[in-house]
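Engineer: okay, here's the prediction I keep looking at, along with the sequence it came from:
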Amino acid sequence: MKKRLTLTFPRRSVHMPVTYRLAKDFNVAANIIRAQVAPNQIGKLVVELLGDIDQIEAAMDWMRSQDIGVSSANGEISIHEDSCVHCGLCTGICPTEALSLDPKTFQLKFMRIRCIVCEQCIPTCPVQAISTNL
Amino acid sequence: MRTIAEINEKISCLEAVVWTVEELKIKVSEIGVKRAASIVDVITTGTFEPMEASGAMINLGQTDPPIKIRQCWLDGIPAYSGFGAVDLYLGASQSPDNSDNEQGGGHVIERLIRGSSVEVRAMGQVTDCYPRRLLETTITRDTINQFYLFNPRNLYQNFIVGVNGGDRPLHTYLGPLQPRLGNAVYSNPGAISPLFNDPDLQFIGIGTRLFLGGGVGYVAWEGTQHFPLQKRLENRTPIGPASTLALIGDAKQMNARWVRGCYFKEYGPSLMLGVGIPLPVLDERVVAQCAVNDEDLVAPIVDFSIPRRIRPTFGLINYAQLKSGKIKVEGKMIRTAPLASIHLSRQVALELQQWITAGQFFLTEPVASIPNDRPFLPQDVSQLR
């Protein structure tokens, strides 16, 4: 199965090679979608874990035991329907085409599954209709 | 075939046949120009796009003791006050004096139209007529005398497609342009846009009543940079920026759905505005012109990496290709995005159609034509000696 998680690393855990341990100890592949890591600061990682369901659960328990915050409330882009004017400006800069215009209605479509939360759309939106919770 | 008076008679009896310009284009492809023209009375067009050459005239009403305002800020945005004592003009693209706040005149105009309150700070010139020096108060659209949009340039007939052939990202009035032809932005909604459907402005003139920001407005004058002599295709549509119109309308009746403050990162604030023009089907020519499709309209692809008045171009591209989401430039496929909202442009045309069908909006006879021979003068800076 696949599971997308937001991991929060306390300062003392930033040095830990987490993705290596996930692969070696739990046979879980961690695809890093987004990372905010710097020496001596709280780190954040958005990962997509791919592996056996029990192994992923075990990996999550192990990470919690290491004081890593594990949250399935992902860093996500959200579009405020009331503010969006469907101009489509964001669709030209979205690198994964998660944001696109419907070819018939020309309304904005957001395919969450494709989004890598690169956040380039946020400053591009002329009416500040896009935000992230990361 | 029909006069405007006859059309208005039908509107008042709720008998007028009103099609949006997109409905008309489909009908013409099915039944031809002649049949379509015999059925339809009015064709509605629309656009919703950033129009920074817009602004609001405001008369505050006089205070006691009275003030002759010489400097003024509305929610921190400077407004021009160099005319009547409490007359103000708030420009849509006006930024705050010294702040990186991503707000501008367009946002304040939107807030007033929304019915929100706005803070006024003003400094007066003390005279025997106007003794007050300072004014700090709060206004809403209901506590001011006049509040109307008077937009010196709206409804650009066609525009450009922006790309960036350089090697660093650019922040432009078309939004971000990524280096090495990373993306392309076009800003006109194409065949639904009002002035593409009357290319020589034969049926639109001074006094034409229209949909402006969800209220009723009028064509006031030719717009600034009006350039009807732009090169044109055989169908008379221009190959680049051409005619423009100055529009006026009562902002107290407008709806914030159609008047939206906006901000382009590292360029500045602007205003997105919905404008719709009804075209009276006086004869078959109107229908023939309105039958123009996205494939028949072109815009130049302009390289913003050379910051000069005349920028290099990569040739012309038609709007059908632009709307497909990808175009080929210099052998490279690049993604396109519009800046006009095609969805809301359609909604403008639909809303205007409903107004007319419901007998709430009547057409006007223009009182004068828009000039068709204006040159486009550059301003060449003369050298100081």
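Structural biologist: Perfect, thanks for sending it.
Engineer: please point out which parts of the helix ranked longest in chain A sit buried.
Structural biologist: Identified as the longest helix of chain A according to DSSP state H is helix A:53-65. Across helix A:53-65, burial judged by 16 or more other C-beta atoms under 10 Å in any protein chain shown covers A:Gln55, A:Ile56, A:Ala59, A:Met60, A:Trp62, A:Met63. For every residue, glycine as well, the C-beta is placed using N, CA and C.
Engineer: what number of residues lie near the residue in the stretch 251-385 of chain B that chain A sits nearest to?
Structural biologist: Nearest residue of the stretch 251-385 of chain B to chain A (C-beta to the nearest C-beta) works out as B:Ala337 at 3.0 Å. As a burial measure, B:Ala337 scores 25 neighbours (other C-beta atoms under 10 Å in any protein chain shown).
Engineer: just the element for it, please.
Structural biologist: strand B:332-338 (DSSP states H and E).
Engineer: and for B:Leu322?
Structural biologist: helix B:319-323.
Engineer: show me what that helix is in contact with.
Structural biologist: Outside helix B:319-323, the residues that touch it by C-beta atoms under 8 Å, 6 or more residues apart in numbering or on different chains are B:161, B:184, B:186, B:188, B:190-191, B:293-295, B:297-299, B:327, B:336, B:338, B:342.
Engineer: wait, B:Thr47 touches B:Ser187, no?
Structural biologist: No - look at B:Thr47 against B:Ser187 with C-beta atoms under 8 Å: they stay out of range, at 10.1 Å.
Engineer: who touches both of these two?
Structural biologist: Common neighbours of B:Thr47 and B:Ser187 (C-beta under 8 Å, 6+ apart) are B:Ala340.
Engineer: ok, the residue of the stretch 51-200 of chain B found nearest chain A - contacts?
Structural biologist: The stretch 51-200 of chain B approaches chain A most closely through B:Asn183 (4.1 Å), counting by C-beta to the nearest C-beta. Listed by C-beta under 8 Å, 6+ apart, the contact partners of B:Asn183 are A:Gly92, A:Ile93, B:Val163, B:Pro176, B:Leu177, B:Ile334, B:Arg335, B:Thr336, B:Ala337.
Engineer: quick check: bridge partners of it?
Structural biologist: B:Arg335 (DSSP bridges).
Engineer: how much space between it and A:Thr105?
Structural biologist: Noted for B:Asn183: a distance of 22 Å to A:Thr105, by C-beta to C-beta, to the nearest Å.
Engineer: tell me the contacts of the closest residue to A:Met60 other than its chain neighbours?
Structural biologist: Excluding the flanking residues, the one nearest A:Met60 by C-beta to C-beta, 6 or more residues apart in numbering or on different chains is A:Val70, at 5.2 Å. The neighbours of A:Val70, taking C-beta under 8 Å, 6+ apart as the test, are A:Leu5, A:Thr6, A:Leu7, A:Met60, A:Met63, A:Arg64.
Engineer: just the pLDDT at A:Val70, thanks.
Structural biologist: In this model, A:Val70 is scored at 88, pLDDT.
Engineer: looking at this, it is in a helix?
Structural biologist: No - per DSSP: H, G, I helix; E, B strand; the rest coil, A:Val70 lies outside any helix segment and is strand.
Engineer: which residues in chain A form helices?
Structural biologist: Using DSSP H, helices in chain A cover A:18-26, A:53-65, A:121-124.
Engineer: now the second one and helix A:18-26, what's the angle there?
Structural biologist: Which is helix A:53-65. 130 degrees (axes from the mean of the first three to the mean of the last three C-alpha atoms, to 10 degrees).
Engineer: chain center to helix A:53-65, what's the gap?
Structural biologist: Remark: helix A:53-65 is offset 19 Å from the chain centroid, using C-alpha atoms, centre = their mean, to the nearest Å.
Engineer: you'd agree B:Pro176 is in a helix?
Structural biologist: No - the assignment for B:Pro176, made by three-state DSSP, is strand rather than a helix.
Engineer: run a quick neighbour tally on it.
Structural biologist: 24.
Engineer: so it touches B:Val163, yeah?
Structural biologist: No - look at B:Pro176 against B:Val163 with C-beta under 8 Å: they stay out of range, at 11.7 Å.
Engineer: for B:Gly162, what are its contacts?
Structural biologist: So B:Gly162 contacts B:Thr172, B:Leu174, B:Leu177, B:Ala184, B:Val185, B:Tyr186, B:Ser187, B:Val302, B:Phe304 (C-beta under 8 Å, 6+ apart).
Engineer: quick check: mean pLDDT of the host helix or strand of it?
Structural biologist: Taking DSSP H and E as the criterion, B:Gly162 maps to strand B:161-163. Here strand B:161-163 scores 97 as its mean pLDDT.
Engineer: what about the spatially closest residue to B:Phe83 that is not a sequence neighbour, helix or strand, and which?
Structural biologist: In this structure, B:Phe83 finds its nearest non-sequential neighbour in B:Tyr89, 7.9 Å apart by C-beta to C-beta, 6+ apart. Using DSSP H and E, B:Tyr89 sits in strand B:87-91.
Engineer: which residues pair with the residue nearest in space to the middle of chain A across the strands?
Structural biologist: By C-alpha atoms, centre = their mean, chain A has its centre lying nearest to A:Val46, at 4.3 Å. Beta-bridge partners of A:Val46, counted by DSSP bridges, are A:Thr6, A:Arg34.
Engineer: so what pLDDT did it get?
Structural biologist: 83.
Engineer: that one contacts A:Asn31, correct?
Structural biologist: No - with contact defined as C-beta under 8 Å, A:Val46 and A:Asn31 do not form a contacting pair (9.6 Å).
Engineer: stretch B:368-382: how far from the chain's middle?
Structural biologist: With C-alpha atoms, centre = their mean, you get 19 Å for stretch B:368-382.
Engineer: equivalent analysis for stretch B:229-243, please.
Structural biologist: 18 Å.
Engineer: and that stretch, end to end?
Structural biologist: 8 Å (C-alpha to C-alpha, to the nearest Å).
Engineer: could you do stretch A:79-94 as well?
Structural biologist: 14 Å.
Engineer: let me see the mean pLDDT of that stretch.
Structural biologist: Stretch A:79-94 comes out at a mean pLDDT of 95.
Engineer: stretch B:71-80 now?
Structural biologist: Here the average pLDDT along stretch B:71-80 is 98.
Engineer: now do it: everything it contacts.
Structural biologist: Taking C-beta under 8 Å, 6+ apart as the rule, stretch B:71-80 contacts B:58, B:81, B:88-91, B:94-97, B:99, B:101, B:103-105, B:107-108, B:111, B:118-123.
Engineer: number of nearby residues for whichever residue of chain A sits closest to chain B?
Structural biologist: With C-beta to the nearest C-beta, the shortest gap between chain A and chain B falls at A:Gly92, namely 3.0 Å. For A:Gly92, the count of nearby residues is 27 (other C-beta under 10 Å).
Engineer: and B:Thr237, how far is that from chain A?
Structural biologist: To chain A, B:Thr237 is 21 Å away according to C-beta to the nearest C-beta, to the nearest Å.
Engineer: that residue contacts B:Asn197, doesn't it?
Structural biologist: No - using C-beta under 8 Å, B:Thr237 is not in contact with B:Asn197; the gap is 9.1 Å.
Engineer: thinking again about what came up before, now the two most distant members of the contacts of A:Val70.
Structural biologist: Spatially, the most separated pair among the contacts of A:Val70 is A:Thr6 and A:Arg64, at 13.3 Å (C-beta to C-beta).
Engineer: that older thread, for the contacts of B:Asn183, give me a markdown table that also has distance to B:Phe203.
Structural biologist: Listed next are the contacts of B:Asn183 as a markdown table, based on distance: C-beta to C-beta, whole Å:
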| residue | distance to B:Phe203 |
| --- | --- |
| A:Gly92 | 34 |
| A:Ile93 | 39 |
| B:Val163 | 34 |
| B:Pro176 | 38 |
| B:Leu177 | 36 |
| B:Ile334 | 37 |
| B:Arg335 | 36 |
| B:Thr336 | 31 |
| B:Ala337 | 32 |
